[in-house]
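Chemist: I need the structure of the sequence given here:
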Amino acid sequence: MYAALLTAIVTWISANFALPPDYDHPQLKLVPAVEITFLRYQAFTPAQRRDVLTSLADNTGGPHGREAVAVYDDRTRTIFLPDTWTGETPADLSVLVHEMVHHLQNSAHMKYECPGAREQLAYTAQDHWLKLSGRDLASEFEIDAFTLKVTTSCGF
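Modeler: Got it, this is the predicted structure:
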């Protein structure tokens, strides 16, 4: 259903960033936003899920300070998007671009010092995609330069 879109995104990412193309596309699954949060923070047990929900209720944005918008599972090669995702806005598409970067990183067996370092290229690609339509991470997702630095650095 999304094959043509994913092919176009892979081609764009490969042409603009140092990632080899892989046209063996990941699965896309639309799930409730809370499921994405549980996947992001690896909250698989009821106790872990309660802890995540408590963090969200305390307005701390989850255990690591930010609420997850989407997530890529390396093992199953699946992108989990919120069930409200339509792909009809530049912001929606930029989320898919971000997760496709992770898919291409996984396909290329790239290794990173920490999870934050892996995020750097994904956020860069997402921001470049948004700028094609006059938007950016700050205006669409409230991700300013400081937040981006913390999110993409090791040790935070």
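Chemist: so what's residue 110 up against?
Modeler: residue 118 (CB atoms under 8 Å, 6 or more residues apart in numbering). C-beta here means a position set from N, CA and C on the backbone, and glycine is covered the same way.
Chemist: before we move on, what about residue 81?
Modeler: Contacts were defined as CB under 8 Å, 6+ apart; by that measure residue 81 touches 28, 29, 30, 31, 36, 70, 95, 96, 99.
Chemist: pLDDT-wise, what's the bottom of those?
Modeler: Looking at pLDDT alone, those dip lowest at residue 36, where the score is 89.
Chemist: List the buried residues in the one helix or strand in the chain whose mean pLDDT sits lowest.
Modeler: Averaged element by element with mean pLDDT, DSSP states H and E, the chain has its least confident helix or strand at helix 46-57 (a mean of 79). The neighbour-count check on helix 46-57 (16 or more other CB atoms under 10 Å) flags 49, 52, 55 as buried.
Chemist: Could you single out the nearest of these to residue 105?
Modeler: Top of the list for closeness to residue 105, among those and by CB to CB, is residue 52 at 25.0 Å.
Chemist: Just give me the neighbour total for the closest residue in space to the closest one that isn't next to it in sequence.
Modeler: Here the nearest residue to residue 52 in space, its sequence neighbours aside, is residue 43; by CB to CB, 6 or more residues apart in numbering that works out to 4.5 Å. The burial metric for residue 43, expressed as a neighbour count using other CB atoms under 10 Å, is 21.
Chemist: Could you report the pLDDT at residue 43?
Modeler: At residue 43 the predicted local confidence, pLDDT, stands at 78.
Chemist: Same question for residue 81.
Modeler: Confidence at residue 81, expressed as pLDDT, is 97.
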